[in-house]
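**Q** Here is the input, now give the coordinates:
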Amino acid sequence: MQELSPDALSEQLRNDDEGPLVLDVRHEAEFEEWHIPGSVNVDVYDELTEDPDSAKPALSDLPDDAEIVTVCAAGVVSQTATEVLRELGYDAVTLADGMNGWSRVHRHAEVPVDLDGTLVQVARPGKGCLSHVLVSAGEAAVFDPSHYLDEYEAILDEHDADLVGVFDTHAHADHVSGAAELADRYGVSYYLHPKDALALDAAPIEDGQTVAVGRLDVEVVHTPGHSEGSVSFDVGGAALLTGDTLFHESVGRVELGVEAGIEDADVEGNAATLYESLRRLLDRPDDAVVLPAHDPGSPEPPVTATLGEVERRNADLRRDREAFVEELASDVPDHPPNFERVKRTNVGQESVPADELAELELGPNNCAAE
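**A** Got it, this is the predicted structure:
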């Protein structure tokens with residue numbers, strides 16, 4: 001079987017100017033919703049499943065000298081595409097596990113920020129997720145980790161740091177958190193605001209509380225609206241980990257907890273609450289680096305912007321209260337896939353078997369309001 005691992009493809013796309021031709025054979029609607037940046041779509045999914053030879057005309061117009069990596073959802077139908085392409089004389093391999101495998105890829109890089117320590121950003125390009133590892137004086141804390149823990153453990157080893165705490169900014173709606181498992185593995189506290197830890201044994205955090213990591217203090221800033229327990233973390237006055245409260249060019253959506261049935265609230269009220277939370281963040285220094293938990297597309301770490309830059313770029317921050325509430329309550333984009341189950345899992349109300357997690361998360365994050 002001719003396969004390429006997701007990590008190997010990630011490195012090729014990251015480091016090779018030419019790179020392979022990534023050929024996505026899924027239906028056009030699925031491709032448009034979520035795909036590997038730079039890939040091309042030839043919708044021959046039905047032909048490949050029903051009569052592979054009938055896909056040959058559509059696949060015969062590809063560049064003769066291209067190295068081709070075929071992609072589908074799970075790497076099964078794309079393997080048939082690879083076989084057809086090789087019969088046609090193309091140099092083709094299959095992306096192992098397809099978009100499911102792409103969703104597991106993680107990359108990391110240090111954040112350029114003035115701290116008595118090191119802040120590492122971990123990007124998950126297939127989901128648009130961003131998490132962070134703070135290291136100071138031999139101690140470390142992890143914020144918003146995915147449930148694929150190898151990347152975080154490798155960073156801890158790289159910096160020879162002892163993990164002292166794991167934090168979630170909120171109960172995520174697009175991916176299952178690995179925070180509780182990571183904390184349990186290292187015997188440290190898992191910190192989550194009580195409003196989001198509905199059925200979890202998490203160490204409670206509250207507005208104004210500080211947690212020491214090495215020589216740095218991490219201040220908790222309660223910023224509800226996206227969820228009732230959403231918080232931001234002020235790291236040494238130099239960095240703001242804003243979760244899904246504030247993105248560089250948007251803000252968190254306000255209806256997910258309501259529609260998942262875990263919040264006794266209304267969308268308009270959440271939007272008004274989020275407006276006030278954002279005002280609190282805007283009172284922080286303009287040169288503080290804003291580090292959200294998501295970035296659209298396929299983020300290449302480090303993804304950064306100062307609070308002053310975000311205020312200039314982000315149209316949501318220029319709306320008055322009435323316009324802000326009206327916009328967020330009325331203009332609702334597509335939901336993250338399976339967000340109800342993901343939300344319930346992250347607040348402790350549902351347990352998802354390990355072999356179902358990858359499929360549960362498959363798809364874009366869609367956690368921004370716009």
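**Q** H335: which element?
**A** If you go by DSSP states H and E, H335 is not part of any helix or strand.
**Q** Quick check: the gap between it and G243.
**A** Counting by Cβ to Cβ, to the nearest Å, the gap from H335 to G243 is 18 Å. (Each C-beta comes from the backbone N, C-alpha and C, glycine too.)
**Q** which of those two has more neighbours?
**A** Using other Cβ atoms under 10 Å as the criterion, H335 and G243 rank with G243 on top: 28 against 18.
**Q** Tell me if I'm right that that one and S131 touch.
**A** No - between G243 and S131 there is no contact under Cβ atoms under 8 Å: 10.4 Å.
**Q** Touching stretch 312-321 from outside, list them.
**A** 246-251, 272, 275, 278, 282, 305, 310-311, 324, 327-328, 369-370 (Cβ atoms under 8 Å, 6 or more residues apart in numbering).
**Q** Now do the SS call for S131.
**A** For S131, the assignment made with DSSP: H, G, I helix; E, B strand; the rest coil gives strand.
**Q** Looks like it contacts F143 (just checking).
**A** Yes - contact status for S131 versus F143: in contact at 6.0 Å, counting by Cβ under 8 Å.
**Q** Of these two, which one has the most company?
**A** Just comparing S131 and F143: by other Cβ under 10 Å the higher neighbour count belongs to S131, 29 against 26.
**Q** so who does that one touch?
**A** Taking Cβ under 8 Å, 6+ apart, we find S131 in contact with 121-122, 124, 142-146, 152, 293.
**Q** Just grab the bridge partners of it for me.
**A** V122 (DSSP bridges).
**Q** now the strands for the stretch 201-350 of the chain?
**A** For the stretch 201-350 of the chain, the strands defined by DSSP state E, counting those that start in this stretch cover 210-213, 216-222, 231-235, 239-243, 289-292, 305-306.
**Q** Of these, which is nearest A55?
**A** Closest of the strands of the stretch 201-350 of the chain to A55 is strand 289-292, at 40.7 Å (criterion: Cβ to Cβ).
**Q** The closest one: partners in the sheet, and parallel or antiparallel?
**A** Strand pairing (DSSP bridges) places strand 289-292 next to strand 239-243 (parallel), strand 305-306 (antiparallel).
**Q** List the residue ranges of this protein that fall below the pLDDT cut-off.
**A** Applying pLDDT under 70 to the chain flags the ranges 1, 16-17, 331, 333, 365-370.
**Q** Brilliant, that's me finished.
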